[in-house]
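**Student:** need a 3D model of the following:
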Amino acid sequence: MQSVDFPFDKYKFKSDSILDDLPEVELSLLNKNMVTHNYKKGEILFREGSFPTGIYYIRKGKVKKYKTDKEGREQIFYVCKSGELLGYHALISEEHYTDSSSTLEESTISFIPKDDFLKAIQSSSVLSNRLLKCMSHEFGVLVNGLAIYAQRTVRERLALSLLILRDKYKKEDQNGKPVELTLSREDLAKMVGTARETLTRLLHDFKEEQLIETHGKKIILKNPKLLSKIANLF
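**Tutor:** Here you go, the predicted structure:
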């Protein structure tokens, strides 16, 4: 992890970020003691059971949220992209983290101390409303995820996971071009909830069916519409 210094006037948020276009007073509170670091792939942000001292804002990169069972196996249930906040659920509820979080790739992430974040929430109805929407969305993703594992086959789960990741990896200037996923096979297997060997076989099948292309670690989605059909989305 490497510290990064940003002058106050260069703190910019993504146009699709929850922090975009906040009033200057709230932005000043959030920026006041903000610290930004560069993280390597696989670095831990927080662990399940620890107590939050602030929240994380993803400036660049992607972060996974996951649970670990008694055997030490991970189950990835959410992927955060740039522009998203991380770790605010436990902070607001004043509880320990119920999951762990680490980077999926090289990332630039800012840490906002607890007191500054809570003051910003109290003074900004805009930020509070956006947080409620984000919480509702993430809760919906979690509920749908539980339904997926109870009702869908591994093939269906893989198709759906690829579509979810498509939204996370899609760039602003994508303009209809195929989306490239750079998630490791190991992490994709943890997201789908299957063995890596099974994942490799299914990816080969998807490639044979011309649903995807693979170039090294990259997975290129060629036919999202057919993947949606396989995932039983319509």
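**Student:** and the residue nearest to residue 232 when sequence neighbours are not counted, which of the three is it?
**Tutor:** Nearest non-adjacent residue to residue 232, counting by CB to CB, 6 or more residues apart in numbering: residue 156, 5.9 Å away. Heads up, the C-betas are built off the backbone N, CA and C, glycines and all. Following DSSP: H, G, I helix; E, B strand; the rest coil, residue 156 is assigned to helix.
**Student:** what's the spacing between the residue of the chain most remote from its centre and residue 214?
**Tutor:** Taking CA atoms, centre = their mean, the residue of the chain most remote from its mean C-alpha position is residue 208, at 29.1 Å. As defined by CB to CB, to the nearest Å, residue 208 lies at a distance of 11 Å from residue 214.
**Student:** need the overlap of contacts for the two.
**Tutor:** Common neighbours of residue 208 and residue 214, using CB atoms under 8 Å, 6 or more residues apart in numbering, do not exist here.
**Student:** which residue ranges make up the domains of this protein?
**Tutor:** With domains defined by automatic domain parsing, the chain comprises 2-148, 152-230.
**Student:** the shortest one: end-to-end distance?
**Tutor:** Pointing back at domain 152-230 there. Its first and final residues considered, domain 152-230 spans 10 Å by CA to CA, to the nearest Å.
**Student:** for it, the distance to its chain's centre please.
**Tutor:** From the chain centre to the centre of domain 152-230 is a distance of 16 Å (CA atoms, centre = their mean, to the nearest Å).
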